[in-house]
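[1] Predicted model and sequence below, questions to follow.
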Amino acid sequence: MYLKKYLPLALVSAGIFIGGATYTTANAKYVGHNATPTEIRGTWYQYSNNKFYVTKITKHNVYINGKVLYSTKKKGYNKLYVKKVTSAAWGVKGVGTSYNLNGHYKYDYQTTGQYWLSHQKVSGHRVLKNYHQMGQYNVFTKNKVKYNYSYHKDSFKDIGR
């Protein structure tokens with residue numbers, strides 16, 4: 001009788017003890033190299049030279065002016081491989097996180113640079129920023145705005161902000 005009464009309690013206690021002893025924490029890391037981050041997906045517009053340039057970012061494709069630039073189905077430097085870039089890569093404190101949509105590039109001309117969703121707003125919407133070679137920051141808006149917000153700055157401190 002004594003065994004029937006306390007055996008289930010002893011088994012549950014032993015299970016909790018063993019489960020607690022083998023508990024490991026799981027750290028969430030960005031490992032979605034074949035899918036773009038949801039924050040930068042969408043259709044983005046940039047006004048330059050009296051016309052709109054359209055960048056469309058979907059889960060598995062990146063289109064520039066209607067042509068597929070990066071895709072999970074392509075090979076070589078046109079294959080979509082999202083690489084998360086943090087401030088440690090640039091050696092600058094306070095820089096946020098950006099994404100390189102072609103992490104397998106060999107030469108700089110094979111990539112369109114790093115993208116991030118900025119905290120700055122135009123027409124009530126946050127803007128998508130892009131850094132590509134020699135201090136050129138491109139700014140893309142969600143709506144068609146006839147103004148080019150892009151700028152040139154010789155500093156890496158704006159990347160990811």
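    The structure has been received and is ready for your questions. Model, not experiment: these values are computed from the prediction. Numbers count the residues shown, from 1 in each chain.

[2] Would you tell me which strand is longest in the protein?
    strand 114-122 (DSSP state E).

[3] Let me see the ranges of the strands in the chain.
    42-48, 51-57, 61-64, 67-71, 83-85, 98-100, 114-122, 125-131, 136-140, 151-152.

[4] Tabulate these (TSV), appending mean neighbour count and mean pLDDT.
    C-beta coordinates here come from the backbone N, C-alpha and C atoms, glycine included. Formatted as TSV, these follow (neighbours: other Cβ atoms under 10 Å; pLDDT from 0 to 100):
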stretch	mean neighbour count	mean pLDDT
strand 42-48	17	96
strand 51-57	17	96
strand 61-64	17	95
strand 67-71	15	94
strand 83-85	18	85
strand 98-100	21	88
strand 114-122	17	91
strand 125-131	20	92
strand 136-140	19	91
strand 151-152	10	85
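
[5] Any chance of the ones you listed in a markdown table with distance to Thr36 as columns?
    Converted to a markdown table, the strands of the chain look like this (distance: least, Cβ to Cβ, whole Å):
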| stretch | distance to Thr36 |
| --- | --- |
| strand 42-48 | 10 |
| strand 51-57 | 5 |
| strand 61-64 | 7 |
| strand 67-71 | 9 |
| strand 83-85 | 11 |
| strand 98-100 | 7 |
| strand 114-122 | 9 |
| strand 125-131 | 11 |
| strand 136-140 | 14 |
| strand 151-152 | 24 |
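
[6] before we move on, back to that, could you tell me the angle between the longest strand of the chain and strand 125-131?
    140 degrees (axes from the mean of the first three to the mean of the last three Cα atoms, to 10 degrees).

[7] What strands flank strand 114-122, and is each parallel or antiparallel?
    Strand 114-122 has the following strand partners under DSSP bridges: strand 98-100 (antiparallel), strand 125-131 (antiparallel).

[8] Mind listing residues that contact it?
    39-40, 57, 85, 96-101, 126-132, 139, 141, 143, 145, 149, 159-161 (Cβ atoms under 8 Å, 6 or more residues apart in numbering).

[9] re the thing from before, to His33, which of the strands of the chain lies closest?
    With Cβ to Cβ as the measure, strand 83-85 is the member of the strands of the chain nearest His33 (7.1 Å).

[10] From the contact counts, what lies against that closest one?
    Using 3 or more Cβ pairs under 8 Å, 6 or more residues apart in numbering; DSSP states H and E, the elements in contact with strand 83-85 are strand 98-100.
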